[in-house]
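Participant: fold the following, please.
(chains A and B)
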2 protein chains.
Amino acid sequence: MLRSPIGATRRRPLVLLGHGGGRHKSARGLVARARCYVTRCCFAVAAIDAPGHGDRQGTELDEQFAAGSKERMPAGEPIGPLITWRNASPAARAVPEWQSTLDAPQDLDHVDASGRVGFRGVSLGSAIGVPLAAAEPRITATVFGCAGHETLAEAAAQVTVPVESLLQWDDEPVPRDSGLALFDAFASREKPLHTNPGRNAGIPAFEPESSQRFFARHLVREHDAP
Amino acid sequence: MLRSPIGATRRRPLVLLGHGGGRHKSARGLVARARCYVTRCCFAVAAIDAPGHGDRQGTELDEQFAAGSKERMPAGEPIGPLITWRNASPAARAVPEWQSTLDAPQDLDHVDASGRVGFRGVSLGSAIGVPLAAAEPRITATVFGCAGHETLAEAAAQVTVPVESLLQWDDEPVPRDSGLALFDAFASREKPLHTNPGRNAGIPAFEPESSQRFFARHLVREHDAP
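Facilitator: Numbers count the residues shown, from 1 in each chain, chains lettered A, B, ... in the order given. Next comes the predicted model:
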């Protein structure tokens, strides 16, 4: 799903939006965010369904996850480790899919997919996005969040582009120490971490605006036209 | 020292700028920051010398601090505890001084010092500003940073207005855990914490801009005129 400003002609930055677990490429929150990037920043935005999400059939793994959650949640058991395990699996499949997504607009004259590419995704979006950013040199600025270091520290240590991270202080599946350890693991010189009180789903409304400015700072060039 | 836009008539928000240890009300960095608030945000800005700083004679305590630093630094001993001790003392004297500073512009028709007041100060500026914000209901938004919880947790627990905090991940005098504990102690519902790699003096250039937006969000009203 590629979105860009009406009548766009000249090449502009591209932001890839990774959705969260259980969501998809056209989820309401993702579309609202894409609209802001397109109308306020004049960026192009691309989104795809993660494996087992949206238009893509669920796998056996997803069924196992659903069954596991159903067992644990009523019993009051933490589902954090289950989410970490669920998120780690699609990453290996999703990284080459995002790379093909970046190849696709090469012939479009209004998208610069070759070196002014941002990636934003929290939770499952980060589980996929961190290894993607480690593997893909066309991505030059990233926003991650609500993710721990357990399965991601190794990939994070290979990320050198600017990273804005979001950590929810009362996140249920991601303990504070794990989120802080992931921030610590990024090799980037510029890596602001924004911590806010509240749970996983409670990222404050001013943070997406901050992410827009972050991408604008790193992706926009002086002579970019709307 | 009160600064405001040329030709200002209508009432506008007031930002109080607290300087760091060893600096003063007209230090270069503070004046540059004041200029941004005045020219970009159309705020008024007030700054005063902390006890023992700038135009105010040093106290015996300051001499003890200087002597203590001279002994410890060449020996490679940490001076963090010494800074905590040095910063705690002027706070008790500085709080009523800032409150008088807020009384002063009551008769000026271009400054709203009665409920649209921000305070920004890191290090010594926070050692004074946190107890000030706890004591002074006219202050409605604050930016603090590079400060630990040791002497400030009790005052922080009484601060309920929005706080944007800055934590330098490699701060020498403020250990990470102490900075995180101070963030945790604030009673505010809105309290974004911005953590960046680097030492005490290395706050990135994009953070002051973020503070401007934070104050604009909390202090500006719809019909404010420049």
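Participant: so which bits of chain A are right by chain B?
Facilitator: A:169, A:183-184, A:189-197, A:204, A:206-207, A:210, A:217 (C-beta under 8 Å from any C-beta of the partner chain). For glycine as for every other residue, the C-beta is placed from the backbone atoms N, C-alpha and C.
Participant: are any of the residues you listed buried, and which?
Facilitator: Buried members of the residues of chain A next to chain B, scored by 16 or more other C-beta atoms under 10 Å in any protein chain shown, are A:169, A:183-184, A:190-197, A:204, A:207, A:210.
Participant: just those: which are in strands?
Facilitator: A:Leu193, A:His194, A:Thr195, A:Asn196 (DSSP state E).
Participant: how far does the lengthiest strand in chain A sit from the chain's center?
Facilitator: Secondary structure of chain A per DSSP E: the longest strand is strand A:111-122. Offset of strand A:111-122 from its chain centre (C-alpha atoms, centre = their mean, to the nearest Å): 11 Å.
Participant: may I see the buried residues of it?
Facilitator: Quick answer for strand A:111-122 (16+ other C-beta under 10 Å): A:Val111, A:Asp112, A:Ala113, A:Arg116, A:Val117, A:Gly118, A:Phe119, A:Arg120, A:Gly121, A:Val122.
Participant: ditto for stretch A:18-26
Facilitator: Buried residues in stretch A:18-26 (16+ other C-beta under 10 Å): A:Gly18, A:His19, A:Gly20, A:Gly21, A:Arg23, A:His24, A:Lys25.
Participant: just the CA atoms of it, as PDB, please.
Facilitator: This file holds the C-alpha atoms of stretch A:18-26, laid out as PDB (Å, rounded to 0.1, in the frame of the first residue of the first chain):
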ATOM      1  CA  GLY A  18       5.200  -1.400  10.300                       C
ATOM      2  CA  HIS A  19       2.000  -2.300  12.000                       C
ATOM      3  CA  GLY A  20       1.700  -3.900  15.500                       C
ATOM      4  CA  GLY A  21       0.800  -7.400  16.400                       C
ATOM      5  CA  GLY A  22      -2.800  -8.300  15.400                       C
ATOM      6  CA  ARG A  23      -3.100  -5.200  13.200                       C
ATOM      7  CA  HIS A  24      -2.500  -4.800   9.400                       C
ATOM      8  CA  LYS A  25      -1.400  -2.400   6.700                       C
ATOM      9  CA  SER A  26      -4.800  -0.600   6.600                       C
END
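Participant: what sits against the residue nearest to A:Asn87 when sequence neighbours are not counted?
Facilitator: Of all residues beyond its chain neighbours, the one nearest A:Asn87 is A:Ala127 (3.5 Å), with distances taken as C-beta to C-beta, 6 or more residues apart in numbering or on different chains. Under the criterion of C-beta atoms under 8 Å, 6 or more residues apart in numbering or on different chains, the neighbours of A:Ala127 are A:Asn87, A:Ala88, A:Pro90, A:Ala91, A:Ala147, A:Thr151, A:Leu152.
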